[in-house]
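I would like to see how this sequence folds:
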Amino acid sequence: MANHLFLASTPLNVLTAAMVAFELPNGDSAELGLIDQTSTTSVFREALAQWDSSPFKRIQVLSEKAEGKGKRQQRLTSFKLIEKILTEVCPNWIYTGNDRRIEFQFAMAHSPASKGVYLDDGTYSYIGRQTHWLKDQILDQWVKKLAYGHWWKQPPAIGASAWIHHSILAFPELALPILKRKPYESLPKNLQRPEFTQLSELCLNQQPLTLGNLSGLLLLSHSSTISSANQAQLGYWLEQCGEDIGYKHHPRTELELQSEDAANSIWHLPLRARAIPAAIPMEILLPLLPQHCKIAGDISTALLTAKWLRPELDVTAIVRSDADHNWIQLLKQLGINLINNPSSN
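The predicted model follows:
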């Protein structure tokens, strides 16, 4: 028997934590601590509170997003909550989607019997995180140690700090070499369990959506990156997907088009396409999509998330002429279809 404490800041972190927790040995106990929370996750948190088939013994908020002049004091208050849960749970394993998270490092430093686990958080595992030798490796590390304690450790790459014992990765064979220097295992492919469907339905409680027959879903980019050539091509792609099709704006889009406006806009969307509310996290839609549903959009982490949580889905990316080479390579390796658009300069 072992005790597992999962620290999660995003809906994606929660889903991957639950995917692992459902596969734990009988007799093991799992708890979920939500960190760095904002008002934008309130609906998701309410759904978690009602999730009676959750794999977690308990779910609680350990920290809100710390901002402004009171950031240090906010974090110190959060540390007290973390100390309390460490005393109550006595975790053998502590999981994180980012070992730079100060809540995770505090927990590891104050729970010497615990071992850390890096739980795949996306592109950082495969493309890495750009760092600056002075800002990240020296100044940030010095400031963190001074403000919070000498236990702070700047990881050479996300998931590769000394706190981490092993990693759980969606695509281990494609991960950065530095992550494979330690033990690693594959993320369970179990997002289609009925328990996840229940969670998604709880999140959509106020939205009368029926996605079980959706044949095509288009993820629109943020308005600041609109390319008329790309969007026209994506609209054409969606037209070919069948009768039951939908589109979803970027979560930070200020003005959402309704179906009746979409066909006459820069997006060139089919009139029959229905709008999926932008505020709903993409991760929450995935358990509800049928296996025959196709997904497309500009290069984005949302496309990657769809592929590593539902690897059997058909996913397509429109590739701009100025797209980053590392992204292109990753898309190819993951089996994401590419549509080149030479006119998207």
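
contacts and neighbour counts: CA atoms only from here.
Will do.

ok, the closest residue to residue 118 other than its chain neighbours - contacts?
Closest residue in space to residue 118, ignoring its immediate chain neighbours: residue 167 at 4.6 Å, by C-alpha to C-alpha, 6 or more residues apart in numbering. Applying C-alpha atoms under 8 Å, 6 or more residues apart in numbering, we find residue 167 in contact with 117, 118, 119, 120, 159, 179, 182, 183, 184, 185.

again, 7 Å this time
117, 118, 119, 183, 184, 185 (C-alpha atoms under 7 Å, 6 or more residues apart in numbering).

isn't there a strand covering it?
Yes: using DSSP: H, G, I helix; E, B strand; the rest coil, the assignment for residue 167 is a strand.

looking at this structure, which helix or strand is least sure?
Here the helix or strand of the chain ranked lowest by mean pLDDT, DSSP states H and E is helix 259-262, holding a mean of 46.

Next SSE downstream of that one?
The element immediately downstream of helix 259-262 (helix or strand, assigned by DSSP states H and E) is strand 274-276.

Can you name every helix or strand that that next one contacts?
The contact analysis (3 or more C-alpha pairs under 7 Å, 6 or more residues apart in numbering; DSSP states H and E) places strand 274-276 against strand 245-248.

Show me the contacts of residue 167 that map onto strands.
117, 118, 119, 184, 185 (DSSP state E).

between those, which is nearest residue 322?
residue 119 (30.8 Å; C-alpha to C-alpha).

Contact partners for the closest one?
By C-alpha under 7 Å, 6+ apart, the contact set of residue 119 is 95, 96, 97, 167, 168, 169.

Which one of these sits in the busiest neighbourhood?
residue 97 (29 neighbours; other C-alpha atoms under 10 Å).

That residue is in contact with residue 118, isn't it?
Yes: using C-alpha atoms under 7 Å, residue 97 is in contact with residue 118, at 5.8 Å.

got JSON lines for the contacts of residue 119, with distance to residue 88 and pLDDT too?
Below are those laid out as JSON lines (distance: C-alpha to C-alpha, whole Å; pLDDT from 0 to 100):
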{"residue": "95", "distance to residue 88": "17", "pLDDT": "98"}
{"residue": "96", "distance to residue 88": "19", "pLDDT": "98"}
{"residue": "97", "distance to residue 88": "22", "pLDDT": "97"}
{"residue": "167", "distance to residue 88": "25", "pLDDT": "98"}
{"residue": "168", "distance to residue 88": "25", "pLDDT": "98"}
{"residue": "169", "distance to residue 88": "29", "pLDDT": "97"}
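
Take those residues and lay them out in a markdown table including distance to residue 7.
As requested, those are exported to a markdown table (distance: C-alpha to C-alpha, whole Å):
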| residue | distance to residue 7 |
| --- | --- |
| 95 | 6 |
| 96 | 5 |
| 97 | 8 |
| 167 | 14 |
| 168 | 14 |
| 169 | 16 |
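
Cool, thanks, signing off.
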